[in-house]
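Engineer: coordinates only, sequence not included:
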């Protein structure tokens, strides 16, 4: 079964456009990683909700291999300033046990 990783990120409104732009420019990079299935960036629709960066992998091993890769280092080499974010959020990892639909 698949392995899902969600990163919940509380982005301040003034930085939301930049946050989205950075991911738009990274599209095409993560897709090259072995075991990568898909990525979604979920934009919050409520004032208090975080962005959710959702990635799906064939396995936990595939995700861990990506975290140790040069691509991961390059993707995180130039982070946004700390003042762009509110406290909270974080990484969540899940193993899919039941799936329905396409």
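Structural biologist: Cool, got the structure. Here the structure is a predicted model, which is why all the values come from computation and not from measurement.
Engineer: State the mean pLDDT of the longest helix anywhere in the chain.
Structural biologist: Longest helix in the chain by number of residues, with DSSP state H as the criterion: helix 16-26. Mean pLDDT, computed over helix 16-26, is 90.
Engineer: residues of it that come out buried?
Structural biologist: residue 19 (16 or more other CB atoms under 10 Å). From N, CA and C alone the C-beta is placed, and that goes for glycine too.
Engineer: pLDDT below threshold where in this protein?
Structural biologist: By pLDDT under 70, the low-scoring segments of the chain are 27-28.
Engineer: Would you map the strands across it?
Structural biologist: With DSSP state E as the criterion, the chain has strands at 3-9, 36-42, 51-57, 90-95.
Engineer: Dump these into TSV; add mean neighbour count as well.
Structural biologist: What follows is the strands of the chain, written out as TSV (neighbours: other CB atoms under 10 Å):
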stretch	mean neighbour count
strand 3-9	18
strand 36-42	14
strand 51-57	19
strand 90-95	11
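Engineer: Looking at the ones you listed, which is nearest to residue 102?
Structural biologist: Closest approach to residue 102 among the strands of the chain (CB to CB): strand 36-42, 11.8 Å.
Engineer: That closest one: how far from the chain's middle?
Structural biologist: The chain centre lies 7 Å from the centre of strand 36-42; the measure is CA atoms, centre = their mean, to the nearest Å.
Engineer: Which elements pack onto that strand?
Structural biologist: Other helices and strands packing on strand 36-42, by 3 or more CB pairs under 8 Å, 6 or more residues apart in numbering; DSSP states H and E, are strand 51-57.
Engineer: Parallel or antiparallel, which strands does the strand it packs on pair with?
Structural biologist: Paired neighbours of strand 51-57 in the sheet (DSSP bridges): strand 3-9 (antiparallel), strand 36-42 (antiparallel).
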